[in-house]
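Visitor: Take a look and give me a structure for this.
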Amino acid sequence: MKPPSPLWDAPIRLFHWALVLLVIASFVTAKVGGEWMAWHLRSGYAILTLLLFRVVWGFVGSTTARFSSFLKAPKAALEYARGLMARQHVPSVGHNPLGGWMVLVMILILLVQVSTGLFADDEVSTQGPLSIFASAKLVSRVNQVHEVNQWIIVGAVVMHLVAISFYQWGLRSNLLRPMFDGGALPPGSAARRGSTILAAVIFVVASSAVYWLVVILPRSA
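Guide: Residues are numbered from 1 along each chain as shown. Presented below is the predicted three-dimensional model:
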């Protein structure tokens, strides 16, 4: 008998946990500062690589990883939220309508953070690789955005943890375990599994693009 397809494919699970570790590393190294800022930059480059991979995988990956499968109309997200408040939980295959929008928000605010980091300059010892292409005025603005946006990310992470806890203890629905073992799609589901080889190719291309952006391009200036 053929085993059921996983709810979350291996590329999504690897992306998720690598992103968790890198976001923590970025926050901690920024607060420690000093020589750790070199690792802060590296973790930022790694996060950018993951985000580029995730955006592409959101169009060509497994069904549950695709934006088209979980980005519903805002009205659907509001109705789902009302149902949660009334303890009328409707199980979803993959991200629910509310969680789907949270995924998009998290990707966008992280993209803002790593993008501004590329142009940031603390005027002491740490400069983003693309700061040489920006005016002093632009660098000042992106520094401000980079500083403020980190706390928006912290807020989003806290909301994410609260939501997981609510599902775990309020609705008796374990969202974490499938992100470790993959879970299983319901029998008869029409969802398709993405190609692991394709995922590897996309990751290599994303890594190459980031390397060109942060190493090759600045050298050409």
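Visitor: Just give me how far the helix or strand bottoming out on mean pLDDT in the chain sits from the chain centre.
Guide: Sorted by mean pLDDT, DSSP states H and E, the helices and strands of the chain end with helix 74-85, the least confident at a mean of 86. Here the centre of helix 74-85 is set off from its chain's centre by 23 Å, with Cα atoms, centre = their mean, to the nearest Å.
Visitor: Tell me which residues of the helix or strand just after it come out buried.
Guide: Counting by DSSP states H and E, the next helix or strand C-terminal to helix 74-85 is helix 97-119. Buried residues in helix 97-119, counted by 16 or more other Cβ atoms under 10 Å: 97-103, 106-107, 110-119. For every residue, glycine as well, the C-beta is placed using N, CA and C.
Visitor: Would you mind getting the angle between helix 97-119 and helix 74-85?
Guide: Helix 97-119 runs at 120 degrees relative to helix 74-85, counting by axes from the mean of the first three to the mean of the last three Cα atoms, to 10 degrees.
Visitor: Could you number the chain from 45 rather than 1 from now on?
Guide: I'll keep to 45 as the first residue from here, and by that count the last item is helix 141-163.
Visitor: helices or strands next to the helix or strand following helix 141-163 in the packing?
Guide: Per DSSP H and E, the first helix or strand lying C-terminal to helix 141-163 is helix 180-209. On a contact count with 3 or more Cβ pairs under 8 Å, 6 or more residues apart in numbering; DSSP states H and E, helix 180-209 meets helix 54-76, helix 141-163.
Visitor: which sections of the chain are below the confidence cut-off?
Guide: Along the chain, the model assigns pLDDT under 70 to residues 45-48, 232, 234.
Visitor: buried ones in stretch 225-232?
Guide: So for stretch 225-232, counting by 16+ other Cβ under 10 Å, buried means 226, 227, 229.
Visitor: What of stretch 159-175?
Guide: Buried residues in stretch 159-175, counting neighbours by 16+ other Cβ under 10 Å, are found at 159-165, 170-175.
Visitor: chain center to it: distance?
Guide: That offset, for stretch 159-175, works out to 22 Å (Cα atoms, centre = their mean).
Visitor: In contact with the residue nearest to residue 63 when sequence neighbours are not counted, which residues?
Guide: With sequence-adjacent residues excluded and distances taken as Cβ to Cβ, 6 or more residues apart in numbering, residue 63 is closest to residue 94, at 5.4 Å. Neighbour list for residue 94: 59, 62, 63, 66, 250 [criterion: Cβ atoms under 8 Å, 6 or more residues apart in numbering].
Visitor: Out of those residues, the closest to residue 113 would be?
Guide: residue 59 (16.0 Å; Cβ to Cβ).
Visitor: hang on, isn't the closest one packed against residue 97?
Guide: Yes - counting by Cβ atoms under 8 Å, residue 59 touches residue 97, with 6.6 Å between them.
Visitor: about what we covered before: between helix 141-163 and the helix or strand harbouring the residue nearest to residue 63, find me the angle.
Guide: Under the criterion of DSSP H and E, residue 94 resides in helix 81-104. Interaxial angle of helix 81-104 relative to helix 141-163 (the same axes, to 10 degrees): 140 degrees.
Visitor: What is the subsequent helix or strand relative to helix 81-104?
Guide: Helix 81-104 is succeeded, C-terminally, by helix 111-114 (DSSP H and E).
Visitor: on contacts alone, who are the packing partners of that following helix?
Guide: Here helix 111-114 touches helix 81-104, helix 141-163, going by 3+ Cβ pairs under 8 Å, 6+ apart.
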